[in-house]
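Asks: Dropping the sequence and predicted coords here.
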Amino acid sequence: GHGSKSVFLIQKYMTLSDEEATAINCHMGSWGNTDERSVGDAYGQFPFAWILHVADEACGFVLKA
């Protein structure tokens, strides 16, 4: 998915922490190309990843309204 592609491209220019890379990779939640369990595990380990996902969803919802 585009989350992992984004992590790959960003890491060419800067170092990401595990939390930052996970947040970017899982920002689509279960809508991405990862299974729900692994996304849930990622959110449990890195709460910031869940916060980024919620912000991304909220932004898409607000922009459609």
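Replies: Yep, it's here.
Asks: quick one: contacts of the helix or strand where Arg37 lies?
Replies: Counting by DSSP states H and E, the element that carries Arg37 is helix 36-45. Residues from elsewhere that reach helix 36-45, judged by CB atoms under 8 Å, 6 or more residues apart in numbering: 22, 25-26, 29-30, 32, 49-50, 53. C-beta: built from backbone N, CA, C; applies to glycine.
Asks: Then stretch 48-62?
Replies: For stretch 48-62, the external contacting residues (CB under 8 Å, 6+ apart) are 19-20, 22-24, 26-29, 42-43.
Asks: Now do the same for the residue nearest the centre of the chain: helix, strand or coil?
Replies: In the chain, the residue lying closest to the centroid (CA atoms, centre = their mean) is His27, at 2.3 Å. Following DSSP: H, G, I helix; E, B strand; the rest coil, the label given to His27 is coil.
Asks: Am I right that it is in contact with Gly3?
Replies: Yes. His27 sits in contact with Gly3 when judged by CB atoms under 8 Å, with a separation of 5.7 Å.
Asks: how about Gln11, phi and psi?
Replies: phi -70, psi -10 (degrees, to the nearest 10).
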